[in-house]
Structures are given as C-alpha cells and as structure tokens.
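Novice: Okay, here's the prediction I keep looking at, along with the sequence it came from:
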Amino acid sequence: MVFFFAAFLLVLQVVAAASLHRRNEPIPPSQDPFYTAPPNFQKAVPGQILRARLAPGNLSSIAGAAYALNLLYRTTDSNLAPSWAVTTLFVPAKPKKVLLSYQFPEDSVDIDGAPSYLFYHPGDMPADINNAVAQGWVVNVPDYEGPFSQFTVGIQSGLATLDSVRAALTLFPVKNYAMWGYSGGTIASEWAAELVSKYAPELKFSGMAIGGTVANLTASLETINGGTFASLVASSLIGLSRQNPAANQFLMQHLIPATKNQFLAIQQENFFDAIPNYAGQNIFSYFDNDILHSQPIQQVISTNGIMGTHGVPPMQTFFYHAINDELIPIQYTDALVNKYCTAGAKILYKRNSVGTHLPEAFEEDSDVFQWLVGVLENGQTMTGCNIQNVTITGS
C-alpha cells in the first residue's frame with residue numbers, strides 16, 4: 001500500500017511538471033523539441049524518463065482517458081548504443097493495477113507517422129486502446145521505431161518497447177502487465193519478448209498476444225511486393241538501412257537515378273498516405289539489382305528480421321493468424337510456434353480459417369481481449385502448447 005501511494009505521489013509530480021510543458025495543440029514530431037534528446041542523456045539508465053508532459057490537444061478524450069502523458073525515455077538502438085524514444089500513456093479515471101503495452105503497427109519511416117502524433121488524425125486511434133482504457137487499464141503505446149523511424153528493425157523495436165514499459169512502470173508500478181500487437185506491431189512485441197530475458201530480466205510480463213506475426217521479413221516483403229501495400233516494402237528497405245552505413249550506402253548506390261526521388265519520397269509519408277502512392281508497384285524495380293537478396297540487406301534481416309533467433313518468450317503467449325493471410329504467410333508463424341513449443345514455451349495458437357490479413361485484426365479481437373482480461377485480472381495461466389484450427393467471424 002505504501003509502495004502504490006509513493007507511486008501515486010510520483011505520478012502527481014510528473015503530471016504537475018508535465019503541465020508546465022504542455023502545448024495547446026500538437027505539432028509534428030519532426031518540428032517538436034520534445035522529441036529531441038536532452039544533453040548527456042547517455043548517462044541515464046535504459047528506461048529512465050528524460051522528459052514528460054501532458055499530451056497536447058485532445059488525445060486523452062480521443063482515447064476516453066482521464067489524461068494522457070508523453071514520456072521521453074532513454075533506450076538502446078539496433079547498434080546497442082544509447083538512444084531515446086517517446087511513449088504515450090493513457091490513464092483511465094479509476095485505473096486498476098494493470099498495464100497493457102499496445103504496440104501499434106506504425107509501418108512508416110516518417111517520424112511524423114509515430115502513434116504519439118498519428119492518433120490525433122480522425123479515425124486512427126485503435127478501438128483496442130479505447131476498450132482497454134474503458135476496462136480500467138493504463139495503456140502504454142511506444143513510438144518503438146525510435147527517433148530515426150527504423151521500420152522492421154527487430155532489435156530497435158523490441159528494446160524500445162521494453163524500455164517504454166520500464167518507464168511506464170516507474171509511474172505505475174503494477175504487478176500485472178502484458179503486451180499486444182498485430183501485424184507491424186508484432187515486430188515490436190515479439191522481439192521484446194525474445195530480448196527481455198537478457199536485456200530487462202526484471203520485467204515479468206503476465207502474457208503477450210500477437211497476431212499476423214511477421215516471423216520472416218524476407219518472405220513477407222516478397223509477398224507484399226506488387227500489391228496494395230507495396231509501400232511497406234519501400235519503407236522496410238529504408239528502415240533496415242538506417243543506422244547501418246553499409247546497407248544504406250548499398251541502397252543508395254543501386255537506386256535507379258530516374259526514379260530515385262520517387263522512391264525516397266516515402267520518407268515524408270506516413271503509412272496511410274503512402275499506400276496509394278506505391279500501390280501495385282514492383283518496388284524492386286527502383287533498383288538496378290536484386291536489392292532484397294543482396295548481402296548488405298540480408299545481413300541486417302538476419303539479425304533483425306527473422307524471429308526466433310534471439311531467445312524464447314518467457315511469458316505465456318496467444319498467437320493468432322489467418323490461414324489465408326495474403327500478406328504475412330502463415331507457414332512462418334507455424335514454424336516459429338513449433339520452434340517455441342519444442343523449447344518449452346507456453347502458447348495458445350489459433351489458426352483462423354476465416355478471412356485474410358486485415359479482417360483477422362478484427363475477427364479475433366474479442367477473443368484476444370477476453371484472454372488478456374483473464375491473464376491480467378484473473379490470474380489465468382497456461383501450460384504447454386495448444387494449437388487450434390478455428391473458425392471465428394466477427395469481433
């Protein structure tokens with residue numbers, strides 16, 4: 001009781017201090033000084049809060065929260081060097097001692113596409129966040145791609161997620177906390193689960209739910225290329241090469257000059273804006289070689305794009321995936337689950353015979369949420385692996 005009272009006082013102090021830095025209206029992160037690291041931030045420990053504010057504008061009301069906080073915190077990048085990131089906490093009027101870390105599929109190499117800013121756009125706030133806040137949960141939503149928007153870089157996304165949870169727990173030291181991510185959000189959630197035992201062993205997650213898991217990045221990019229969401233291929237190539245000089249130099253050298261600017265324009269477009277500009281295109285045609293299978297890009301993918309190579313999730317995990325997923329081939333999730341089951345992981349895996357990638361985000365939504373309620377509020381635990389072929393329609 002004393003512990004939670006002390007934490008409550010800390011929250012009040014942070015809110016009071018954050019009020020001094022509050023803006024009336026949000027401005028893009030690329031123009032907002034809040035998103036820049038303070039001097040000597042490297043001396044802070046991973047997960048330490050560097051700066052805080054009440055989220056500007058009406059973000060809290062959009063989420064149905066009593067208030068929302070932006071936290072700038074110290075983290076570690078894909079090169080294992082000190083870095084920083086921003087997370088947003090949505091706090092209900094009567095918070096339970098529960099925290100959900102929700103990894104939104106940012107799917108962009110534009111810092112202005114980060115969820116802390118994107119959610120101000122009408123219709124972009126996921127209903128999952130509203131539902132979790134209504135349940136009384138504090139919801140943590142990290143900008144896990146970091147200050148350089150490293151889309152599809154697993155180590156960056158995973159470590160930034162773990163440190164966002166560390167920061168959130170500083171203010172709300174709850175006992176039960178879990179992660180949830182779908183599609184691009186699995187890149188952050190699953191990699192966090194792989195890395196937690198070595199990077200943040202003090203974190204003891206109650207569970208994790210991930211759907212449409214990007215288990216093999218090469219296979220996913222090959223599948224997505226030429227389709228409606230071909231923009232994701234362009235964003236991934238850029239994201240993978242950021243902070244990797246060899247990959248970046250190779251990428252730039254092999255862009256065809258006549259269409260180079262068209263390809264690079266995606267760096268100023270969030271996920272939703274980029275879709276129509278690249279839909280149906282063969283993204284690999286922007287290059288004079290087989291860029292995806294080149295040694296510099298594959299080297300980055302081997303360490304940041306193939307799940308199951310850095311550890312076994314220590315928490316119980318709910319996997320869900322549409323069998324007919326046209327963007328993320330299910331066989332790679334099957335293989336990942338089988339690998340983890342062999343290693344002794346606790347897994348519930350539902351392979352849905354209904355729908356494709358986008359519908360699956362909603363088809364099993366209710367099922368996943370109820371599983372999280374059981375894990376976070378009712379002490380639900382699993383043993384072993386349970387793989388099911390299901391037919392689930394509607395949320």
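Specialist: Yes, it's here. Numbers count the residues shown, from 1 in each chain.
Novice: can I see the domain layout of this structure?
Specialist: Under the assignment automatic domain parsing, the domains of the chain span 2-216+305-390, 217-304.
Novice: State the mean pLDDT of the longest one.
Specialist: Domain 2-216+305-390 comes out with an average pLDDT of 93.
Novice: Tell me how many other residues surround the closest residue to residue 80 other than its chain neighbours.
Specialist: Nearest residue to residue 80, sequence neighbours excluded (C-beta to C-beta, 6 or more residues apart in numbering): residue 155, at 7.8 Å. (Glycine included, C-beta is placed from N, CA and C.) Using other C-beta atoms under 10 Å, the number of residues around residue 155 comes to 22.
Novice: Residue 92 too?
Specialist: Counted with other C-beta under 10 Å, residues neighbouring residue 92 total 19.
Novice: out of the domains of the chain, deepest packed?
Specialist: Most buried of those by mean neighbour count (mean count of other C-beta atoms under 10 Å) is domain 2-216+305-390; its value is a mean of 20.
Novice: can you pull out the helices in the stretch 101-250 of the chain?
Specialist: Read by DSSP state H, counting those that start in this stretch, the stretch 101-250 of the chain holds these helices, from start to end of the chain: 115-118, 127-134, 154-171, 184-199, 217-224, 231-241, 245-253.
Novice: between these, which one is nearest to residue 348?
Specialist: helix 184-199 (14.5 Å; C-beta to C-beta).
Novice: Output the contacting helices and strands for the closest one.
Specialist: In this structure, helix 184-199 packs against strand 98-103, helix 154-171, strand 176-182, strand 207-211, with contacts taken as 3 or more C-beta pairs under 8 Å, 6 or more residues apart in numbering; DSSP states H and E.
Novice: quick one: it to chain centroid distance?
Specialist: Distance of helix 184-199 from its chain centroid, counting by C-alpha atoms, centre = their mean, to the nearest Å, is 9 Å.
Novice: Using CSV, write down the CA coordinates of it.
Specialist: As requested, the backbone C-alpha atoms of helix 184-199 are provided in CSV (Å, rounded to 0.1, in the frame of the first residue of the first chain):
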residue,chain,number,x,y,z
GLY,A,184,3.7,-4.5,-37.8
GLY,A,185,3.0,-4.3,-34.0
THR,A,186,4.3,-7.9,-33.7
ILE,A,187,7.8,-6.7,-34.8
ALA,A,188,7.9,-4.7,-31.5
SER,A,189,6.1,-7.1,-29.2
GLU,A,190,7.6,-10.4,-30.3
TRP,A,191,11.2,-9.0,-30.4
ALA,A,192,10.7,-7.5,-27.0
ALA,A,193,9.7,-11.0,-25.8
GLU,A,194,12.8,-12.5,-27.4
LEU,A,195,15.1,-10.0,-25.8
VAL,A,196,13.6,-9.4,-22.4
SER,A,197,15.4,-12.2,-20.5
LYS,A,198,18.8,-10.8,-21.4
TYR,A,199,18.1,-7.1,-21.7
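Novice: And the strands in the stretch 1-150 of the chain?
Specialist: Using DSSP state E, counting those that start in this stretch, the strands of the stretch 1-150 of the chain run over 49-54, 67-76, 82-91, 98-103, 138-142.
Novice: Identify the neighbouring strands of the first one in the sheet and state each direction.
Specialist: Right, the one you point to is strand 49-54. Applying DSSP bridges, strand 49-54 is found paired with strand 67-76 (antiparallel).
Novice: Please enumerate residues in contact with stretch 284-294?
Specialist: Defining contact as C-beta atoms under 8 Å, 6 or more residues apart in numbering, one finds that stretch 284-294 is touched by 218, 221-222, 225, 233-234, 237, 250-251, 254-256, 259-260, 262-263, 297-298.
Novice: Would it be right to say that residue 321 lies in a strand?
Specialist: Yes. Secondary structure assignment places residue 321 in a strand (DSSP: H, G, I helix; E, B strand; the rest coil).
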